[in-house]
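Student: Can you look at this prediction? I've put the sequence above it.
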Amino acid sequence: MKGNKLTKKLLEELILGEKDDVTTSEILNSDEISSMMYHQWHASGKPESEIHPDYKQLFAGIYEKINEGRDNSKTNSLFLTREVEKLRKLNTAFRTRYRIALAVAASLLFIVALATLQFMNTNHVFQKTITEGIAPLGQKSQLVLADGTRVFLNSGTVLRYDNLFGKRNRNIELIGEAFFEVTQNKKIPFIINTTDIEIKVLGTKFNVTAYPADPVIETYVTEGRITVKNINTEESLVVVAHQKASFSKEKRLLTVSDVTSDNLISWKENILYFDNENFRNIIKKLERWYDVTINLEGKDSIDDRFTLTIKDESLREVLDLIRLTTPMHYKFEGNKVTIVYSEKE
């Protein structure tokens with residue numbers, strides 16, 4: 001088994017699915033496991049009383065059910081749970097009445113544990129599963145995670161976490177933008193992974209913007225404090241309330257600045273706010289907000305900057321507002337929009 005000894009910790013990791021498929025299969029199918037099962041059964045000794053339960057028959061029933069499961073995908077994994085509980089009760093009763101040697105009970109439960117692992121491995125019971133929370137383009141959503149953390153997802157966002165979340169870890173992967181109200185847990189930190197930075201908190205409120213197409217990843221804290229790490233250089237910075245951490249994908253640089261307004265999280269209230277923002281960046285946000293594709297033609301006014309607030313306005317109304325100060329015209333073709341800059345309309 002390549003140096004791996006079957007310990008209590010290793011059994012626990014196998015059951016919880018913390019080993020990869022190759023390692024799990026290697027351990028469960030090894031000669032060592034077969035040998036240990038054999039010796040644990042035959043070396044357990046005999047009970048002091050002539051009256052004792054037929055452990056071999058009980059185990060044979062479990063073994064038969066396990067092998068049936070290999071050809072029957074509908075096998076109920078709760079069968080083994082019930083059998084183990086039955087054996088525990090029998091062990092307790094017979095040890096009390098007939099002074100059955102402790103080695104018998106320990107050995108039997110050890111064998112059942114191995115049998116359970118083999119059954120679960122065969123039927124893929126303990127493999128890790130990934131859950132996704134998604135807010136499609138043009139929509140926003142909310143969800144509550146297993147630890148009680150509340151998450152608001154902006155348009156075009158995906159949140160991923162595995163089935164151990166809230167039990168052994170609080171790790172998630174974020175693509176897009178989300179606002180977090182993290183439930184405090186000092187024993188298990190809440191960790192957000194993006195393409196270039198890792199955010200670690202114990203319990204606080206903050207916003208993360210990490211769209212793949214954006215040149216910057218931003219983290220804005222509204223309450224408490226967080227630690228932001230550049231995964232490329234391992235550099236870490238502490239960010240407190242009303243501060244923003246920015247990671248430049250081009251410069252690979254992580255910086256912190258003060259923020260005097262909560263406009264960065266106005267999207268939660270269905271308000272899109274732009275403060276002297278480059279029109280190229282505005283277009284990206286409009287595409288996500290309205291679920292459209294915007295093609296830009298002409299270069300004369302590409303670097304124009306705008307300050308505006310969008311609440312209930314349609315995309316046509318927004319573009320008409322921009323036309324008041326910018327020489328351009330536009331046309332709609334389904335969910336595709338073409339904006340053309342010109343000296344005259």
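Tutor: Looks like it came in fine.
Student: can you give me the helices in the protein?
Tutor: Assigned by DSSP state H, the helices in the chain fall at 8-15, 21-28, 31-42, 55-71, 78-98, 102-122, 279-290, 315-323.
Student: rank those helices by pLDDT, which is bottom?
Tutor: Ranked on mean pLDDT, the bottom entry among these is helix 55-71, at a mean of 51.
Student: Quickly note the distance from residue 296 to residue 303.
Tutor: Counting by CB to CB, to the nearest Å, the gap from residue 296 to residue 303 is 12 Å. (Each C-beta comes from the backbone N, C-alpha and C, glycine too.)
Student: now residue 150
Tutor: From residue 150 to residue 303 the distance is 39 Å (CB to CB).
Student: Could you report the pLDDT at residue 232?
Tutor: Per-residue pLDDT puts residue 232 at 89.
Student: Repeat that for the one 3 residues further on.
Tutor: As predicted, residue 235 sits at a pLDDT of 92.
Student: Contacts only, for the closest residue to it other than its chain neighbours.
Tutor: Excluding its sequence neighbours, the residue lying closest to residue 235 (CB to CB, 6 or more residues apart in numbering) is residue 254, at 6.0 Å. Residue 254 sits next to 197, 228, 230, 235, 237, 245-247 when contact means CB atoms under 8 Å, 6 or more residues apart in numbering.
Student: Buried ones among the residues you listed?
Tutor: Buried residues within the contacts of residue 254, counting neighbours by 16 or more other CB atoms under 10 Å: 197, 228, 230, 237, 245-247.
Student: Residue 150 and residue 303: who's more crowded?
Tutor: Taking neighbours as other CB atoms under 10 Å, residue 150 and residue 303 compare with residue 150 leading, 14 against 9.
Student: hang on, that one packs against residue 178?
Tutor: No. Shown here, residue 150 and residue 178 do not form a contact pair, counting by CB atoms under 8 Å, at 10.4 Å.
Student: Now do the contacts for residue 130.
Tutor: Applying CB under 8 Å, 6+ apart, the residues near residue 130 are 160-163.
Student: What pLDDT does the model give the residue nearest to residue 196 when sequence neighbours are not counted?
Tutor: Nearest non-adjacent residue to residue 196, counting by CB to CB, 6+ apart: residue 247, 5.6 Å away. We note a pLDDT of 97 for residue 247 in this prediction.
Student: quick one, domains of the chain?
Tutor: Annotated domains of the chain cover 8-122, 130-264, 271-341 [automatic domain parsing].
Student: in terms of contact, does residue 235 touch residue 245 like I think?
Tutor: No. Using CB under 8 Å, residue 235 is not in contact with residue 245; the gap is 11.2 Å.
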